[in-house]
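S.K.: here is my input, please return the structure:
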Amino acid sequence: MASTTTHSSQEKGTSTSAQIKTLTDLVKSLMKAMEDQKQTHQNKIEALAKMHQHQIEALTKTIIQQIDTLKGEVAVMAGKTEQIHHQLTSIQASSPSPSYAEVARTPPNSWPSNVCTPMSTHQDCVSTQPPSKQTRLSLAKSS
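M.R.: Predicted coordinates for the structure are as follows:
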């Protein structure tokens, strides 16, 4: 009976060893699969990083070109604006008409010096003095 127990123990030991070996092989296989998967993911990450870096470089180059183009356009527009400002200044300086500020400063009871009416004489139109009192009265009556 002792030999049966020994034999039975040996079979259990052999079957346990086989199971351990199978489990060890399975764990090794899983570890290798995980390592392969990890490497695959790492390669994909590196490929995506390179692709993104190339895209960033291309976009940066495009943006820099657009900025340079816009700077040129702004310089041209500044020149045109300066020309327009110069033209407006020369037009305002040579204008025979009084400015709004000059008109606004004129007292309300003053008579415009450059207004000719049908009733005024040639002398009243040429004169820088207001029309005579008689001319103003006749203008008031005719209105």
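S.K.: what about Pro98, how many residues nearby?
M.R.: 13 (other C-beta atoms under 10 Å). Quick note: C-beta positions are derived from backbone N, CA and C, even for glycine.
S.K.: show the average pLDDT along the lengthiest helix in the chain.
M.R.: Identified as the longest helix of the chain according to DSSP state H is helix 2-94. Mean pLDDT, helix 2-94: 90.
S.K.: mind telling me what element Ser97 is part of?
M.R.: If you go by DSSP states H and E, Ser97 is not part of any helix or strand.
S.K.: domain assignment for the protein?
M.R.: 2-95, 109-143 (automatic domain parsing).
S.K.: if we can go back for a sec, right, and the helix or strand after the longest helix of the chain?
M.R.: Downstream of helix 2-94, the next assigned helix or strand under DSSP H and E is helix 100-104.
S.K.: show the average pLDDT along that next one.
M.R.: Averaging pLDDT along helix 100-104 gives 78.
S.K.: buried stuff in that helix?
M.R.: The neighbour-count check on helix 100-104 (16 or more other C-beta atoms under 10 Å) flags nothing as buried.
S.K.: just checking, what packs against that helix?
M.R.: Using 3 or more C-beta pairs under 8 Å, 6 or more residues apart in numbering; DSSP states H and E as the contact test, no helix or strand touches helix 100-104.
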